[in-house]
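Engineer: Quick one: sequence and predicted model below, then my questions.
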Amino acid sequence: MLELIQVSKSFKSKFTKQNALIDISLKIHEGDIFGIVGKSGVGKSTLLNILSLQMLPDSGTFLFKNQKVDSLKKIQKQKMIDETSFIFQDFSLLYNLTILENIALPLKLRGISKEERLKKAKLMLEFVGLLDKQDAYPIKLSGGEVQRISIARALVTEPKILYLDEPTSSLDEATTLDILNIIKEVHQKFNITIILVSHQMSAIKYICTRVLLLEQGKIKRLGPIQNSNDFKPTYDLLWEEA
Ligand SMILES: Nc1ncnc2c1ncn2[C@@H]1O[C@H](COP(=O)(O)OP(=O)(O)OP(=O)(O)O)[C@@H](O)[C@H]1O
Ligand SMILES: [Mg+2]
């Protein structure tokens, strides 16, 4: 479904050059829950931004459904972007919209009628178990609830690929488990490919089918992962050996 061949990316300023990704080759298959793991600053978000078509690599090839991304016309690229949804590292709900309006927003931007978008938004809100909060504003929600709403909003456009950047990094253990279970359910129920960034090996072990371990912009390990049905954050202390 997605393939990178010898992809590199660096960030240059006047005096320095930061090599964020070096020679990355990988394949992500349809139906994967693909985990990208590694310590802070190793290039996880940069890789996710490239895979989600928000950023172009400096060199190498990126194939999105067998098509070379750098040779796509703007309209073809937009069509691909429309098949994806992204949940950002810092939750980004709009504080002046109600929960239901927040979830319906991506459909509004696509010109869907009010009746239709509110209907779909309600279904998603029900899926994440927060229908009773539809008229509340984001400020009234806990971190876990905000993240559920972010998931509902990402799903409302019926994406084929869902990207998540550290969806549980600011949550406690019980809420993290809750969100991971919802992501698992999303994968089963909506049959979508999921690409997830985390620095918590325990989260990756709990839900991912395949994993990429990054170290200073390079691949340290890539392959299938033995799932553990126990969610044990103690793994995080020894994630390098996992
Ligand atoms: N827009 C940018 N401009 C300049 N440097 C950047 C930019 N984005 C990332 N970098 C640098 O590239 C490197 C990789 O950053 P990236 O955000 O991909 O890391 P990360 O693994 O996601 O880290 P974290 O776990 O802290 O989110 C870092 O050294 C970072 O400072
Ligand atoms: Mg990051």
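Structural biologist: Thanks, I have it. Numbering: from 1, shown residues only. Ligands and ions are numbered 1, 2, ... in the order given.

Engineer: pLDDT below threshold where in the protein?
Structural biologist: 89, 91, 233-242 (pLDDT under 70).

Engineer: Nearest residue to the middle of it?
Structural biologist: The residue lying closest to the centre of the chain (Cα atoms, centre = their mean) is Leu164, at 1.6 Å.

Engineer: tell me what the helix or strand hosting that one is packed against?
Structural biologist: Using DSSP states H and E, Leu164 sits in strand 161-165. Applying 3 or more Cβ pairs under 8 Å, 6 or more residues apart in numbering; DSSP states H and E, we find strand 161-165 packed against helix 44-51, strand 84-87, strand 193-198. (Glycine included, C-beta is placed from N, CA and C.)

Engineer: out of the ones you listed, nearest to ligand 1?
Structural biologist: Proximity to ligand 1 (Cβ to the nearest ligand atom) singles out helix 44-51 among the helices and strands packed on strand 161-165, at 3.3 Å.

Engineer: max-length helix in this structure?
Structural biologist: If you go by DSSP state H, the chain has its longest helix at helix 173-190.

Engineer: Okay, helices next: where are they in this protein?
Structural biologist: Under DSSP H, the chain gives helices at 44-51, 74-82, 99-109, 114-127, 143-155, 173-190, 201-207.

Engineer: Quick one: the ones you listed as a markdown table, columns for mean neighbour count and distance to ligand 1 too.
Structural biologist: Listed next are the helices of the chain as a markdown table, based on neighbours: other Cβ atoms under 10 Å; distance: least, Cβ to the nearest ligand atom, whole Å:
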| stretch | mean neighbour count | distance to ligand 1 |
| --- | --- | --- |
| helix 44-51 | 22 | 3 |
| helix 74-82 | 12 | 19 |
| helix 99-109 | 21 | 24 |
| helix 114-127 | 17 | 27 |
| helix 143-155 | 22 | 16 |
| helix 173-190 | 16 | 16 |
| helix 201-207 | 25 | 13 |
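
Engineer: Now those in JSON lines, please, with extra columns for distance to Ile5.
Structural biologist: Formatted as JSON lines, the helices of the chain follow (distance: least, Cβ to Cβ, whole Å):
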{"stretch": "helix 44-51", "distance to Ile5": "12"}
{"stretch": "helix 74-82", "distance to Ile5": "18"}
{"stretch": "helix 99-109", "distance to Ile5": "31"}
{"stretch": "helix 114-127", "distance to Ile5": "36"}
{"stretch": "helix 143-155", "distance to Ile5": "28"}
{"stretch": "helix 173-190", "distance to Ile5": "26"}
{"stretch": "helix 201-207", "distance to Ile5": "24"}
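
Engineer: Surely Ile139 and Tyr95 touch.
Structural biologist: Yes - applying Cβ atoms under 8 Å, one finds Ile139 in contact with Tyr95, separated by 6.0 Å.

Engineer: Compute the number of surrounding residues for Gln67.
Structural biologist: Neighbour count of Gln67, defined by other Cβ atoms under 10 Å: 12.

Engineer: ugh, wrong one, I meant Gly129
Structural biologist: Neighbours of Gly129 using other Cβ under 10 Å come to 13.

Engineer: ok, back up a step: now do the contacts for the residue nearest to the centre of the chain.
Structural biologist: Neighbouring residues of Leu164 by Cβ atoms under 8 Å, 6 or more residues apart in numbering: Phe86, Ile87, Ile183, Ile194, Ile195, Leu196, Val197.

Engineer: do the same with Leu162
Structural biologist: For Leu162, the contact set (Cβ under 8 Å, 6+ apart) comprises Thr84, Ser85, Phe86, Ile87, Ala154, Leu155, Val186, Ile192, Thr193, Ile194, Ile195.
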